[in-house]
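**Student:** Quick one, fold the following:
(chains A and B)
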Amino acid sequence: MSCDLSPPAASNKLDAIPYRATGQFMASQTAEAVGARLSPQIDSLIRAAQKGDQVAFETLVRTYDQSVLRLAMNLLRSPEEARDVYQEAFLRVYRNLNTFRFDCSFHTWLYRIVTNICLDHLRKRKVRKEEPSVIETAEGPVDRMDTFEEGSAEADPERTAWNRQLRARIESALQDLTPRERMVFEMRHYEGLRLRNIGEILGTTEEAAKNCLFRATQKMRAELGDFI
Amino acid sequence: MNCDSVLESIPLYFYGELAPPQEDEFEEHLHACPACAREMERQRAFAAALAGRQIEPPAAFLEECRHALWSSIDAGAAVERPDWRAEAPAPPKAGPWRLFLEALADTFSGLERFRVPVGAAAMLALGFVAARVTTPTTTAEPAFHAVRSVEPDGSGHVAISLDEIRRRTVTGSMDDRNIQQLLLAAAQSDNPAARLESMGVLKDRVESSSVRDALLNAAAHDPNPSVRMKALEGLKPLSGEPDVRKVLSQVLLSDDNPAIRVQVVDMLVAHQADDMVGVLQDLMQREDNSYVRMKSEQALKAMNASIGTF
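**Tutor:** Next up, the predicted model:
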């Protein structure tokens, strides 16, 4: 089969987002934007994969998996757990692709699976009261995921220490959110998904997603008080 | 907008989630109110503080995850029974829906074990027939099946005659006659998964008389209730036609599965006709499932007919 899956030259979605927020989107190409742009190709990939075409399934995975892994890594701040989420999510997609009936976008369907798995991880963590991302060292709290960041070395030691404290405080503030608030915040702030789409993914209304985002923002800002 | 509503709307404004008229009002207020403007600045500072946190998965890590996924799929992890039960919504506490759902659960309780490999199984079954009529797109290594004869020629060579089984996968449009023939063949195969899958595809092609016959045949005679249910789905648009109604009436009075009978009642009452009254009255005489009885009773009442025969 021949599907043109070259990356889109520019994201229409991002062009449409007001100037004040664009600077925050690290994920400049969300899976939603890619999926929307390539919708006819994605549909044919899904149909081919549903008929057992392994190459089509792999292409489908490769179209979305970077954003899935990014979401899991940034939510869970643990490479091991992110890898588990990735594996579990795409195995579920593989097992259940035959049940996908095109009554929502594939992106929404996929993200329902991913967010369910991530929410399970976050809830289990809450029960166990784990905070796996921040560990205490002789130099203060350190985010384990720093090892994944490129160019994080800072020349100014004072600045480095301040940044480290800020990051630790941010992680702590994020840990204090409920799993659902955490999910909505991550998908809206970092992944750039619209609240309507987030509501659809989480099986709730846009209004409920708005309220969740509002509560998350308020809690975070209160927690970071003297840093901002 | 007043200060309270502006403060509440700051995150939504920041993320571009306010409707345009609200956005205009918000901005007007912000120009006139230094306190709210400061709050907006704090929101921007908050977002800026979060900016350095996002991590992009390194390419090597992504490749490692992909490799692990392909390995799991190759090793067969993907065909393990999926565990969706934990996420399934709780059943209703009481009422007719509960009865219906229980009937459905009984019907499909044995189906889950082959739900996952259904695509592969159907493809396999189709593959055997397909080799004769369509061009294969992929072929598998032939599997040795049976040796028919062994003939040494006396010079150190031997001629062995054997049978091979070769699996082929064909792909093609649903409009392709050969594909349609394969699906009709699969609808009568021994493999219930292949029958179910082919019903799922054929049910959208009821304009063809051979497809219609296959659906009627499956609805009345297939031993697997899921296949019968799928065939009934396909017959829904035809449930007003006399020959289809005749088969549906027979199914209603003979099928041992309550979920199937519920489905048939729904299909028959969608087109109210005199022939329905006698069938439903017959059903009331013998029906022991309370939900099916309730459905039939409602239908008879709607037609101003008596529940029993006198």
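**Student:** Would you map the strands across chain A?
**Tutor:** Under the criterion DSSP state E, chain A carries strands at the ranges A:134-137, A:140-143.
**Student:** Any idea which of those strands has the lowest pLDDT on average?
**Tutor:** Lowest mean pLDDT within the strands of chain A: strand A:134-137, a mean of 50.
**Student:** which SS class is residue B:150?
**Tutor:** Here residue B:150 is strand, with the state taken from DSSP: H, G, I helix; E, B strand; the rest coil.
**Student:** so how far is residue B:151 from the closest residue to it other than its chain neighbours?
**Tutor:** Nearest non-adjacent residue to residue B:150, counting by C-beta to C-beta, 6 or more residues apart in numbering or on different chains: residue B:160, 5.4 Å away. Quick note: C-beta positions are derived from backbone N, CA and C, even for glycine. Look at residue B:160 and residue B:151: by C-beta to C-beta, to the nearest Å, they are 8 Å apart.
**Student:** since we're on whichever residue of the stretch 1-150 of chain B sits closest to chain A, how many residues are nearby?
**Tutor:** Taking C-beta to the nearest C-beta as the measure, the point where the stretch 1-150 of chain B comes nearest chain A is residue B:54, at 3.5 Å. Residue B:54 has 18 neighbours, counted by other C-beta atoms under 10 Å in any protein chain shown.
**Student:** just residue B:180 next, same as before
**Tutor:** By other C-beta under 10 Å, the residues close to residue B:180 number 19.
**Student:** Sort out which residues of the host helix or strand of it are buried, please.
**Tutor:** Secondary structure assignment for residue B:180, by DSSP states H and E: helix B:177-186. By neighbour count on 16 or more other C-beta atoms under 10 Å in any protein chain shown, the buried set for helix B:177-186 is B:179, B:180, B:181, B:182, B:183, B:184, B:185, B:186.
**Student:** Burial check on residue B:42, number of neighbours?
**Tutor:** Neighbour count for residue B:42, taken as other C-beta under 10 Å: 14.
**Student:** Does the helix or strand where it lies pack against any helices or strands, and if so which?
**Tutor:** Using DSSP H and E, the element containing residue B:42 is helix B:34-50. Under the contact definition 3 or more C-beta pairs under 8 Å, 6 or more residues apart in numbering or on different chains; DSSP states H and E, helix B:34-50 sits against helix A:157-175, helix A:206-224, helix B:3-14, helix B:20-32.
**Student:** pLDDT below threshold where in the chain?
**Tutor:** I'll assume chain A. Under the criterion pLDDT under 70, the flagged ranges of chain A are A:1-38, A:127-157, A:159, A:228.
**Student:** not what I meant, chain B
**Tutor:** Using pLDDT under 70, chain B drops low at B:77-145, B:164-167, B:308-310.
**Student:** where exactly do the strands run in it?
**Tutor:** Taking DSSP E as the criterion, chain B contains strands spanning B:138-139, B:143-152, B:158-165, B:168-169.
**Student:** Relative to residue B:187, how far out is the residue nearest to residue B:150?
**Tutor:** Using C-beta to C-beta, residue B:160 is found at 38 Å from residue B:187.
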